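Peer 1: sequence? don't have it. structure:
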């Protein structure tokens, strides 16, 4: 039994560093999450990542698992406390509406269910600006359905981010070119002061930092970060 003044008592009062998992680490946000989580050695003692294709350029300390999301189960899903899900694609990349929904809804919800079954307590979900089950747009409707179904799983804390366009560079990520997105960014950057905050491009590093801050110090059972609530600059690491 540790007594007052005993070093063991002080040690036991220090929270143990947590275990984190990034789902979808090959995109802009996933890579930013891996970098930021790996740097937070005081908060996380282990960071793992699930990817659909080989990933390069991630921190050496991140344990990367190449998986087939079609066949993930409880035996192959890591046991962690905090999950950050940035898994997603586009209809063009997926090839069809059904294939898009399979990734952005089915895989996301399946991973969330497995995480919950394996004891995960907190879940961060990267959704999208305008996400709604009632949207007429496939992209926003699918994102809204994913939010709804993950919310029903009962995590101690669920953090949902709804970013606008991402302002990072996709070159070298092995993704299909997104000419409309690139054009929108090119037009918006010099006119950012005229664009309502809700629609301004979001920096992936800023988004990663904001997500991690909310997961580590949750303020409610469900926290929604709208695009204009994501800080424009990165916060310092802790």
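Peer 2: Received the coordinates, thanks. Predicted model, so just to flag it, every value in this text is computed and none were measured. Residues are numbered from 1 along each chain as shown.
Peer 1: Could you pick out the longest strand of the protein?
Peer 2: strand 44-51 (DSSP state E).
Peer 1: neighbouring strands for that strand, and are they parallel or not?
Peer 2: The strands that strand 44-51 pairs with in its sheet are strand 18-23 (parallel), strand 63-66 (parallel) (by DSSP bridges).
Peer 1: do you know which of those lies nearest residue 135?
Peer 2: strand 18-23 (23.4 Å; Cβ to Cβ). The C-beta positions use only the backbone N, C-alpha and C, and glycine is treated the same way.
Peer 1: Quick one: name whatever helix or strand follows that closest one.
Peer 2: Next in sequence after strand 18-23, counting helices and strands by DSSP states H and E, comes helix 28-39.
Peer 1: Contacts for that next one, please.
Peer 2: For helix 28-39, contacts defined as Cβ atoms under 8 Å, 6 or more residues apart in numbering pick out 20, 22-25, 44, 47, 49, 51, 55, 57-59, 61-62, 84, 86-87, 126, 163, 166, 168, 170, 173, 204-205, 207-209, 211-212, 237.
Peer 1: Take those residues and keep only those in strands.
Peer 2: 20, 22, 23, 44, 47, 49, 51, 84, 126.
Peer 1: Out of those residues, which one has the lowest pLDDT?
Peer 2: pLDDT across the ones in strands among the contacts of helix 28-39 is lowest for residue 51, at 94.
Peer 1: ok, that one to residue 61 distance?
Peer 2: Here residue 51 is placed at a distance of 16 Å from residue 61 (Cβ to Cβ, to the nearest Å).
Peer 1: Please convert the strands paired with strand 44-51 to a markdown table, extending it with distance to residue 94.
Peer 2: Output for those, formatted as a markdown table (distance: least, Cβ to Cβ, whole Å):
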| stretch | distance to residue 94 |
| --- | --- |
| strand 18-23 | 17 |
| strand 63-66 | 19 |
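Peer 1: Let's have these in JSON lines, adding distance to residue 93 and mean neighbour count.
Peer 2: Below are these laid out as JSON lines (distance: least, Cβ to Cβ, whole Å; neighbours: other Cβ atoms under 10 Å):
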{"stretch": "strand 18-23", "distance to residue 93": "17", "mean neighbour count": "26"}
{"stretch": "strand 63-66", "distance to residue 93": "18", "mean neighbour count": "14"}
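Peer 1: returning to that earlier point: more neighbours, residue 51 and residue 61?
Peer 2: Taking other Cβ atoms under 10 Å, residue 51 and residue 61 do not tie; residue 51 has more neighbours (20 against 13).
Peer 1: looking at the strands paired with strand 44-51, which is closest to residue 107?
Peer 2: strand 18-23 (8.4 Å).
Peer 1: Just want the angle from the closest one to helix 28-39.
Peer 2: Angle of strand 18-23 versus helix 28-39, following axes from the mean of the first three to the mean of the last three Cα atoms, to 10 degrees, is 160 degrees.
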